[in-house]
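# any chance you can model this:
(one chain, ligands or ions: 1)
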Amino acid sequence: MRLPGRLSAAIEVLADIEKRKRPVADALKDWGLSHRFAGSGDRAAIGNIVYDALRKKLSHAHVARSESARSLAFATLVRDWGENPEALNASFGDDKFAPEALSAKEIEHLTRANALVDAPEHVQADIPEWAQPSFESNFAEEWIAEGAALAERPPLDMRVNTLKSTREKVLKALKKTGAQPTNIATNGIRIEAGKRDSRTPNVQAEEAFQKGRFEIQDEGSQIVSELIFARPGEKILDLCAGAGGKTLAMGDMMENKGQLFAYDSEKNRLAPIWDRIKRAGLHNVQVRQPHHDDPLTDLIGAMDRVVLDAPCTGSGTWRRRPDAKWRLTKQLLDQRLQEQEEVLSQAVPYVKVGGFLVYITCSVFPEENEGQIYAFMDENPNFELLSAGEVWQDLYGFDKPMPWSSDLKSVTLTPASTNTDGFFFSVMQRTG
Ligand SMILES: C[S@@+](CC[C@H](N)C(=O)[O-])C[C@H]1O[C@@H](n2cnc3c(N)ncnc32)[C@H](O)[C@@H]1O
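Next up is the predicted model:
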C-alpha cells in the first residue's frame, strides 16, 4: 500500500474507534484481520497515523475545524508528518484506495499560521477539559507544556537484567536498532521514537530478550524501581504486582538475595509474571495469589518494604495509550482515588516498625499522588515522609534532568521534565 491507501485505512479505523467507543488496539487488530493483504509495514504506518491522531485529537480538530476521522487523519499528516496538502492531493490522482482529495477550504484551515493561538488552553495542551485544574495545580505555568509533551510519541525503553548481562553487551546485541543508553536510569536502554511511518523494532524477537537479558520497561518505571532502593537480603512485599514490572526490577537490585512477595488482588493480572520471573532467572520471588483465606497473614509486621504500585488513572502513560486519555472521566478518577485509599490502608500491617511504605503511581494528577499520601499520614501519624532526593543524588548525581517535587520529598517524573512517562514516587517510614 502507498500513503493514500494507508490514510484511507487510518480514517476507517479512527471512525470505528469513535463510533463503537473501542480501544485503539482492538480496532487496529480487527482492521488487520479483515485486510489480510496489508503487510506489516502498512499496519505499522496505519497504526502510527491512528495513534498520532488520537494523541493530539483536540488540537488537530481545532486546526481542522472538525472532529471527523478524516479531519484528524489529514491534520496528523500535515501538522505532524510534515506533508504538504497540495502534494498529498496530487498523489491521490492515480490511487484507487485514496480518500477524497482535500477541498480548498480544508487546505486553508490546515495551513493557517498560528492556528492554535485562539484555542482554549486545554486544547493547546491536548488534555480533557475537566483535567485542566489538576494540571494547573501540579505544574503551574508549565502545565500546557506538560500536557503537550504527553501528546508526543514515546520511545521504546528496555531495562537490562544485570543478573544475566550488562548494558554494554545488550547495547551491542541491539546495535542495528539504534539503541542508546538511557539518560537517567542506571541500566536502561532506549530506542528513540521514529517519525512518520517508521516501525518500532520488534526487540522481543531478539535472542537477548528470549534469554532474559533485558525487559521492556519505560525509563520512568525503571527510575521509580531504583528509587525503592531494594537491598539484597531484605523482605519486600509488592502488593500491586500485576504483570511484575517492578517485581523484576527489584529482584535484580536484590541480586536474588532475600525474599520478594508478589501479590495482586486480580489473579488474571498476575498471569504473565511466572514466565517473566523464569526468563529473568529470579529465584527469590514468591507469587501469592488472592485466596479466600488471607494469603499474606504470615507477612504481617515482617516486611522491610511494602511497595504499592497503586491502581491509578494512568495519566502519566497517555503517550502510549492516547485513547485512554479521552475515555477517562472525573468519575473514573474518583473510583481510582477510592481504590488507592483502600490499598494504602491495606498495606499498613505488613510494614515492620522502621520499615518503608513506598507509594507509586503512573499518574500526574496531584489528587492521586500528594493528595493521597498526605491524607494517609494524617490518618497514620506513625508514618513519616522521607526525601527521595538523597537516593536520587546517590544514584544519578546532580547533572541529570530533575523531576518535579512539590514538597522536596516525593517526586513526579514527566515527559517534559525527565523525558520519561509520568510517574509519582514517595516513600514513608513506619516510626511506631
Ligand atoms: C499499576 S498496576 C501494577 C503494575 C505492576 N506493578 C507493574 O510494574 O507491572 C496496579 C495493580 O494493582 C492491582 N490492585 C488494585 N487494587 C488492589 C488491592 N486492593 N490489592 C492488591 N492489588 C490491587 C490491580 O489489579 C493492578 O494490577
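# assumed Gln204 was part of a helix.
Yes: under DSSP: H, G, I helix; E, B strand; the rest coil, Gln204 sits within a helix.
# got a list of what it touches?
210, 216 (Cβ atoms under 8 Å, 6 or more residues apart in numbering). The way it works is simple: take the backbone N, C-alpha and C, and place the C-beta from them, glycine included.
# for it, report the pLDDT, please.
On the pLDDT scale, Gln204 is placed at 96.
# how near is it to Gln217?
13 Å (Cβ to Cβ, to the nearest Å).
# next one: Gln372
For Gln372, the distance to Gln217 - Cβ to Cβ - is 24 Å.
# with Gly188 instead?
8 Å.
# flag every residue of the protein that's near the ligand.
Within the chain, the positions near the ligand by Cβ under 6 Å from any ligand atom are 239-246, 264-266, 269, 309, 311, 339, 342-343, 346.
# tell me the contacts of the most centrally placed residue in the chain?
The centre of the chain sits closest to Thr317, judged by Cα atoms, centre = their mean, with a distance of 3.0 Å. Residues near Thr317 by Cβ under 8 Å, 6+ apart: 218, 324, 362, 421-422.
# confidence score at Gln289?
Gln289 is assigned a predicted lDDT (pLDDT) of 96.
# pretty sure it contacts Pro295?
Yes: taking contacts as Cβ atoms under 8 Å, Gln289 lies within contact range of Pro295: 6.5 Å.
# tell me the residues that contact both of those two, please.
Here Gln289 and Pro295 share the contacting residues Tyr263, scored by Cβ under 8 Å, 6+ apart.
# re earlier: buried subset of the residues of the chain next to the ligand?
Burial by neighbour count, judged by 16 or more other Cβ atoms under 10 Å, picks out 239-246, 264, 309, 311, 343 from the residues of the chain next to the ligand.
# what kind of secondary structure is Val307 in?
Classification of Val307 by three-state DSSP places it in strand.
# was I right to think it contacts Ile228?
Yes: using Cβ under 8 Å, Val307 is in contact with Ile228, at 5.9 Å.
# which one's more surrounded, the two?
Using other Cβ atoms under 10 Å as the criterion, Val307 and Ile228 rank with Val307 on top: 28 against 23.
# what bridges to the more buried one?
For Val307, the beta-bridge partners are Asp238, Val358 (DSSP bridges).
# show the pLDDT at it.
98.
# what does Leu237 give?
pLDDT for Leu237: 98.
# please shift the residue numbers so they start at 39 in all later answers.
OK, 39 is where the count begins now, so the last one is Leu275.
# what's around it, how many residues?
A count of nearby residues for Leu275, using other Cβ under 10 Å, gives 25.
# with Lys368 instead?
11.
# separation between the nearest residue to it once chain neighbours are set aside and Ser129?
Spatial nearest neighbour of Lys368, excluding adjacent residues (Cβ to Cβ, 6 or more residues apart in numbering): Trp168 at 5.2 Å. Using Cβ to Cβ, Trp168 is found at 40 Å from Ser129.
# and the buried ones among the residues of the chain next to the ligand, which of them are in strands?
Asp347 (DSSP state E).
# which of the buried ones among the residues of the chain next to the ligand lies closest to Arg150?
Closest approach to Arg150 among these (Cβ to Cβ): Pro349, at 42.2 Å.
# quickly find the element holding the spatially most distant residue from the centre of the chain.
No residue in the chain sits farther from the centre than Asp132, which is 40.9 Å out by Cα atoms, centre = their mean. Per DSSP states H and E, Asp132 falls between elements, in no helix or strand.
# thought Arg40 was touching Asp133?
Yes: if you go by Cβ under 8 Å, Arg40 and Asp133 touch, sitting 6.2 Å apart.
# for the ligand, see how far away the nearest residue to Ser425 once chain neighbours are set aside is.
Among residues not flanking Ser425 along the chain, Lys447 sits closest, at 4.5 Å (Cβ to Cβ, 6+ apart). According to Cβ to the nearest ligand atom, to the nearest Å, Lys447 stands 22 Å off from the ligand.
# per-residue pLDDT, Lys447?
At Lys447, the predicted lDDT confidence score is 96.
# and Glu428, by the same measure?
88.
# and Gly226 and Gln255? which has more neighbours close in?
Gly226 (25 against 19).
# how about the contacts made by the more buried one?
Gly226 is in contact with 195-198, 205, 219-220, 255, 257, 260, counting by Cβ under 8 Å, 6+ apart.
# just Pro310 next, same as before
By Cβ under 8 Å, 6+ apart, the residues touching Pro310 are 281-282.
# again, only this time at 6 Å
By Cβ atoms under 6 Å, 6 or more residues apart in numbering, Pro310 lies in contact with Ala281.
# ok, Leu451 - how many residues close by?
Residues near Leu451, counting by other Cβ under 10 Å: 29.
# now it, which residues is it bridged with?
Counting by DSSP bridges, the residues bridging with Leu451 are Phe461.
# mind checking pLDDT for it?
Predicted confidence (pLDDT) for Leu451: 98.
# ok, now the one 10 residues further on?
Phe461 carries a pLDDT value of 98.
# now do it against the ligand, distance only.
Counting by Cβ to the nearest ligand atom, the separation of Phe461 from the ligand is 10 Å.
# my read: that residue touches Leu451, true?
Yes: counting by Cβ atoms under 6 Å, Phe461 does reach Leu451; the two are 4.5 Å apart.
# so for the two, which residues contact both of them?
Shared contacts of Phe461 and Leu451, counting by Cβ under 6 Å, 6+ apart, come down to Gly258.
# joint contacts of Gly226 and Gln255?
Shared contacts of Gly226 and Gln255, defined by Cβ under 6 Å, 6+ apart, comprise Arg197.
# tell me the domain ranges of this structure?
Per automatic domain parsing, the domain ranges recorded for the chain read 41-157, 194-254, 258-468.
# just these: most buried one?
Among those, domain 258-468 has the highest mean neighbour count (mean count of other Cβ atoms under 10 Å), at a mean of 19.
# so Ala99 is in which element?
helix 95-102.
# tell me where the protein has strands.
Applying DSSP E to the chain gives strands spanning 194-198, 218-219, 226-229, 252-254, 273-276, 297-301, 323-326, 341-347, 389-399, 421-423, 449-451, 461-468.
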